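Asks: based on what follows, work out the 3D shape:
(one chain, ligands or ions: 1)
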Amino acid sequence: MSETCLDIEMASQAHDVYYLTAVTWRDNQPWLRVHTDDPPSVEAIEARDLHLRFRINDEIARRCIGRLERSRDGSAYVDCKSPPTTGRQCKRCQIVDNMSAADMHQAHRKGRDAIDRRMAAYLSHPHRLYVAIFRDGSTKIGTTRGTSGGQRLAEQGAWFAKYVGHVDDGFLVRELEDLISESLKLGQAVDTRKKISGHLRARNDNELTTTLEDVTLEVSEVLKTSNIEGCTSLNEQWSNPAIGDPHWQDLRAYPAVLTSGAHEFTIHSMVGRLAACTRTGLTEVFIIDLQPLLGRPLERGEFELDELVQQESLF
Ligand SMILES: [Zn+2]
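Replies: Coordinates of the predicted model:
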């Protein structure tokens, strides 16, 4: 979709306020979920080349961003109309998501019978184990459901990754993930601040692939030594589709506070929830984390934009 789509859709339905509630990935392309209350609507809009101009209106209530529900068929978004508490979700969605995360991460310790039936069904499906590297050089071990596609890696904004094992189910894959974490002191998550700083001061791609190769060898060695039934080794390379996109070559931090005031930018490309954006009239490409916008009331209209104060100290 072109940049006019969001504007036309909004204008034709006379929406003054809209909410972004999620960044999702499909076939290597980023999408934004856009909600309006009056009239009630929800749609997915392609993020690439999307032009956004909005003012954060704190007088209007924020909106819960909903939750993910997992079942035998995979994971699906559940929309929610409740107002959020202090965070981006209402109390119920927070509780459901927390329980779901606890079940998912402790499934192998708790056992199949002690977790939610739908989660058990979700996990009773082949998984893959991977090692990912980010542009600052941080590495992690991770798991993904299914035997093909790189959606999980795209969602997280990994730069390079290697699938190292095909595992019978989601219970065993987490046992192996923990084993590798403990044996090699390899983490299972990378902080967004590190991901952002990686784009601002990126390590050389060759250096990253060499490091990934080294870590992968160590991981493969642990898997081989443990010789656990139900895991077949893989050696499959994954690269972020944004590699080679010039928008990710010379980025600047966005020199304004995104959670208040008025903003205007065009999204050119995304890596995870981070967007490479330009502002009309400026040549710089800014990196913007879209997460802080999720659930906030974004008001359309004509207004003065916040000035971008580009000082080195802000970067
Ligand atoms: Zn909710």
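Asks: how far off centre is the biggest helix by length in the chain?
Replies: Determined from DSSP state H, the single longest helix within the chain is helix 205-226. Mean C-alpha position of helix 205-226 versus that of the full chain (CA atoms, centre = their mean, to the nearest Å) differs by 24 Å.
Asks: show the average pLDDT along it.
Replies: Across helix 205-226, pLDDT averages out at 97.
Asks: identify the bridge partners of Val285.
Replies: Leu251 (DSSP bridges).
Asks: separation between it and Val271?
Replies: 12 Å (CB to CB, to the nearest Å). No exception for glycine: its C-beta is placed from N, CA and C like everyone else's.
Asks: more crowded one of those two?
Replies: Val271 (26 against 19; other CB atoms under 10 Å).
Asks: the more buried one contacts His199, correct?
Replies: Yes: using CB atoms under 8 Å, Val271 is in contact with His199, at 7.2 Å.
Asks: now the common contact residues for the two.
Replies: Trp248 (CB atoms under 8 Å, 6 or more residues apart in numbering).
Asks: can you give me the buried ones in stretch 234-248?
Replies: 234, 238, 240-242, 247-248 (16 or more other CB atoms under 10 Å).
Asks: closest one of these to Gly157?
Replies: Checking the buried residues of stretch 234-248 against Gly157 with CB to CB, the nearest one is Asn240 at 7.4 Å.
Asks: before we move on, the earlier item: and after the longest helix of the chain, which helix or strand comes next?
Replies: Using DSSP states H and E, the helix or strand that follows helix 205-226 in sequence is strand 231-239.
Asks: list the helices and strands that next one packs on?
Replies: strand 127-133, strand 160-167, helix 205-226 (3 or more CB pairs under 8 Å, 6 or more residues apart in numbering; DSSP states H and E).
Asks: let's have these in CSV, adding mean neighbour count and distance to the ion.
Replies: What follows is these, written out as CSV (neighbours: other CB atoms under 10 Å; distance: least, CB to the ion, whole Å):
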stretch, mean neighbour count, distance to the ion
strand 127-133, 24, 28
strand 160-167, 23, 32
helix 205-226, 15, 38
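Asks: okay, and whatever residue of the stretch 151-300 of the chain ends up closest to the ion sits in which element?
Replies: Proximity of the stretch 151-300 of the chain to the ion (CB to the ion) peaks at Gly295, 9.6 Å away. For Gly295, there is no helix or strand it lies in under DSSP H and E.
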